[in-house]
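In: coordinates only, no sequence provided:
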């Protein structure tokens, strides 16, 4: 129970309070009295808790399979120094740093995180974090709606399907309509209609993801950027694989006004989906509309530099129903982990790991393409994911790979019925040449067994 | 009790150290990026520093020493439930087969993870009297948003689109009205009565056929049990509305009374409060959302189900509001919360809330000897004190008391909340603190009040032992400096 009370303590404290039993302190009206028998998992000593979870962990065969799963959650190397530092109790068990004088360390780390995100995205400002990449996109769209007052949102169909689904959940609440841009034959967003649509001035923003859900680099050209600027349509750049920022153009270079991203790749475990860490960065112009916490630098009464949470008049605990967002708890500790990752790997490490991801994925592409019965439908340049057509239902091919102990990737048919024969595969610096060879061998068997039937 | 390092020299930013050529070698040297991609796809520069691992370790160790967590000292922050975070929970969340599991792992390869989610869900349903819980929301406010989206979809499905009002007591957490606004609801603030409770008569005046949801915390943020809760939920239901339970204060009743039995249709829990998930400096949390039977079909996706002897992620919830986030749950925290429930069982959890209430009342009766306690009756897990009289007599405010506590090695209570209490100090000790710790805290607080009466200037100058003194917040807001720039 983690309670230190002895029987004598309880007796003495009850006496001080002036009641005769613990039950008396918790008395509730008859109408709401607990009558049910509580049915929760049984109490165990710590030795048994460990045994129980080890047993449950053994039922997750997926964690030790050869895996090519990506799509917004990536297996990357995290230097052990991160765990040693991040698990320090001062960081782990601190609350939100409202009492600045005893929270200077955490506040400085948030300020450093905000700076890293600005340097990587090329933007002016960044917040202390939001829940994840999907909610970052939804919050970025709300920023755009609040900026220009328009009631429609445009989003590329090549943006992560889960991000689009969350955008829809949020937009349903605000009665905002969403329209989608189609995908072109090469795997990028078809931007043919973008200038015309922006010209109607009906859309608060357009959201483009690069690398997009298919792994393809997907950025607008100068003409599209100019059309967006001229029409006052906010360009939201989505980054679901933050590691790509070590190699690719910063979103500011391709015209993003707001960047909504996911930084799980920076040392945060995959952990079956969370917690991760979303970020929002933007141009200065959107400062008063950015959601969530911001750490800022200031001075104390004797002129010493220090940090505080600032511009809190945007936030729910001050502004209540007029706040820029309802967010309170964010993902501070995951942002701290990401900050530590970036500090440790530095620019040399980030470039190296990005290059390794590019290299491994090209090895994967070459191995798969060499299989008679597999092809790569998309031709545009890609980062660390590829789409592989297996010319049979992807879900069948994946099931057969699973039988061989390989998690081959994601069935694109789940989200794109027209690509039901395609698998989305990721390779990272953790993928070995042997993994790729084993996948190629298994995939060869799978497509050929199918071809013979 | 230890305090953060009293080293007053500034800690340099990570960007102000490091040298080219000082990189750590975590990765094989990659080839030139231009071998893989056309030049126009590549970034021009990557302006972040290379630091040696030792320098980075020292940097963050130093930052940790300038940070106050529960592990450093007593943390009586009202409505935040800063209880001890057991280390075994972290160890379980770090088991490789839980930590390194990809969210798209096929169900058959993730049965252990799914079972963990299911066991937690079932336990929460029983503990709080709800039909189902969604583990999808990432935090309390996120669950509030999901709940209000459910309410909106529910009324829309019944053709009751006129219901656009959300009723929120004036003692409510700020996230309640902010969440309501994110669903396009209009917020009606309800004034508390003299006893610090929701007034059933006042509530009835604002209830009507435009009522969508009434949001409540019980016990409320004054630490008082809403003893008319049954009449309140009945009145809301009679008006055709839904009742929402903000579970921020669930540590006060867990195992002893259930929101479901009180008539609530929707509720959230903050696993980072009641269920010992570390706050991590502001997150990540986890905010399971509970619903009554008539709302189960609206839950966010995916929902964990047991089918025969195996577990599945069900994405096919008929009237679902859709997903709230990229992936299924803050799973590492689901593991921690379940480990905590295993450590306690039903009986242990019942005792947890009893001892949390005992600790709060013990502090309350000790502190009222020298500070006002405006609602002077038995409290639940927390209570409010006020520095109003002290301020009149000495000029020392709640803020000054808070800062003086930092000098004495304690985290300050929540101050100036709830808004209805002037010079408010909101104190929540939690059940994991010993009598000795509580006694020492009372002594420190008494010393501050006595010093204020004798020599107010001393308290007004606090804190003096911390690495910085009171910071200029006006300057921070007027001249925002939110990042480092290369010189």
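Out: Perfect, thanks for sending it. These numbers were taken from a predicted model, which means no experiment stands behind them. Numbers count the residues shown, from 1 in each chain, chains lettered A, B, ... in the order given.
In: for the record, mean pLDDT for the longest helix seen in chain A?
Out: Secondary structure assigned by DSSP state H gives helix A:332-369 as the longest helix of chain A. For helix A:332-369, mean pLDDT is 98.
In: list the buried ones in that helix?
Out: For helix A:332-369, the neighbour count (16 or more other Cβ atoms under 10 Å in any protein chain shown) marks A:332-365, A:367-368 as buried. In short, each C-beta sits where N, CA and C put it, glycine included.
In: which members of these additionally contact chain B?
Out: A:332-334, A:336, A:339-340, A:342-356, A:358-359, A:362 (Cβ under 8 Å from any Cβ of the partner chain).
In: which residues in the chain form strands?
Out: You didn't pick a chain, so chain A it is. Along chain A, counting by DSSP state E, strands occupy A:66-67, A:125-126, A:152-156, A:177-181, A:203-209, A:234-239, A:258-262, A:278-282, A:295-299, A:305-309, A:385-389, A:406-407, A:410-411, A:422-426.
In: my question was about chain B, not that one.
Out: Under the criterion DSSP E, strands of chain B are mapped to B:132-134, B:165-169, B:186-190, B:211-216, B:242-247, B:266-269, B:289-291, B:303-307, B:310-314, B:383-386, B:414-415, B:424-427.
In: so the third one versus strand B:211-216, what angle?
Out: Computed with axes from the mean of the first three to the mean of the last three Cα atoms, to 10 degrees, the direction of strand B:186-190 lies at 50 degrees from that of strand B:211-216.
In: pairing partners for strand B:186-190, with directions?
Out: strand B:165-169 (parallel) (DSSP bridges).
In: report the distance from the strand it pairs with to the chain centre.
Out: 21 Å (Cα atoms, centre = their mean, to the nearest Å).
In: hmm, who's touching that strand?
Out: Strand B:165-169 has contacts (Cβ atoms under 8 Å, 6 or more residues apart in numbering or on different chains) with B:148, B:176-177, B:180, B:185-190, B:192, B:198, B:203, B:206-208, B:210-217, B:220, B:236, B:241.
In: derive a PyMOL selection command for the buried subset of those residues.
Out: Here is the PyMOL selection string for the buried members of the contacts of strand B:165-169, based on 16+ other Cβ under 10 Å:
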select buried, chain B and resi 148+176+177+180+185+187+188+190+192+198+203+207+210+211+212+213+214+215+216+217+220+236+241
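In: can you pull the pLDDT of residue A:448?
Out: Per-residue pLDDT puts residue A:448 at 86.
In: what do you get for residue B:30?
Out: 81.
In: please, where are all the helices along the stretch 151-300 of chain B?
Out: B:175-181, B:200-206, B:229-238, B:259-262 (DSSP state H, counting those that start in this stretch).
In: domain assignment for chain A?
Out: Structural domains annotated on chain A: A:63-77+A:346-452, A:81-341, as defined by automatic domain parsing.
In: mind checking how far the residue of the stretch 151-300 of chain B found nearest chain A is from residue A:370?
Out: Closest contact between the stretch 151-300 of chain B and chain A, by Cβ to the nearest Cβ, is at residue B:280 (2.8 Å). Per Cβ to Cβ, to the nearest Å, residue B:280 is found 46 Å from residue A:370.
In: and residue B:219, by the same measure?
Out: 67 Å.
In: those two: which has the busier surroundings?
Out: Legend: neighbour count by other Cβ atoms under 10 Å in any protein chain shown for residue B:219 and residue A:370, higher for residue B:219 (23 against 10).
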